[in-house]
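Chemist: Next come a sequence and a model predicted from it.
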Amino acid sequence: MFTDSTRRIETIDGERLYTFRPNTITYGIPVDHPIGKEVGRSKIGVVFHTHYTGDELASMQARAGAPINTFNKVIDILSK
């Protein structure tokens, strides 16, 4: 979603937001929100939209989201 060089701080409607635009949509997160604080500390932000289950590639099933609570936490990477 972002790197530390593509993340900006903008004021929109009087609110300070971290903003980033990975494609055609611009995302904004309040700087003082708990997730905003994580964005500010991170060098990169990743969102996992899909994960796959199954033992063989041909029969794997796509599932929404990902089990990020099982991932190792890295302070420089925000994963949601």
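Modeler: Yes, it's here. Residues are numbered from 1 along each chain as shown.
Chemist: So what pairs up with Leu78 in the strands?
Modeler: Gly45 (DSSP bridges).
Chemist: Could you measure from Asn72 over to Pro30?
Modeler: 27 Å (Cβ to Cβ, to the nearest Å). Heads up, the C-betas are built off the backbone N, CA and C, glycines and all.
Chemist: Compare those two and say which one has the larger neighbour count.
Modeler: Neighbours per residue, other Cβ atoms under 10 Å: of Asn72 and Pro30, the larger number sits with Pro30, 15 against 6.
Chemist: Now do the contacts for the more buried one.
Modeler: Under the criterion of Cβ atoms under 8 Å, 6 or more residues apart in numbering, the neighbours of Pro30 are Glu15, Arg16, Leu17, Tyr18, Gly36.
Chemist: Now list the buried members of those residues.
Modeler: Among the contacts of Pro30, those classed as buried by 16 or more other Cβ atoms under 10 Å are Leu17, Tyr18, Gly36.
Chemist: Tell me who's in contact with the second one.
Modeler: Read that as Tyr18. Tyr18 sits next to Arg7, Arg8, Ile9, Gly28, Ile29, Pro30, Val31, Gly36, Val39, Gly40 when contact means Cβ under 8 Å, 6+ apart.
Chemist: hang on, it is in a helix, isn't it?
Modeler: No - applying DSSP: H, G, I helix; E, B strand; the rest coil, one finds Tyr18 to be strand, outside a helix.
Chemist: tell me which residues form a beta bridge with it?
Modeler: For Tyr18, the beta-bridge partners under DSSP bridges are Ile9, Ile29.
Chemist: Please tell me how far it sits from Arg63.
Modeler: 29 Å.
Chemist: cool, and Ile9?
Modeler: Using Cβ to Cβ, one gets 35 Å for the distance from Ile9 to Arg63.
Chemist: gap between the two ends of stretch 27-44?
Modeler: Distance between the two ends of stretch 27-44: 14 Å, counting by Cα to Cα, to the nearest Å.
Chemist: list the buried ones in it?
Modeler: Taking 16+ other Cβ under 10 Å as the criterion, stretch 27-44 shows Tyr27, Gly28, Ile29, Val31, Gly36, Glu38, Val39, Ser42, Ile44 as buried.
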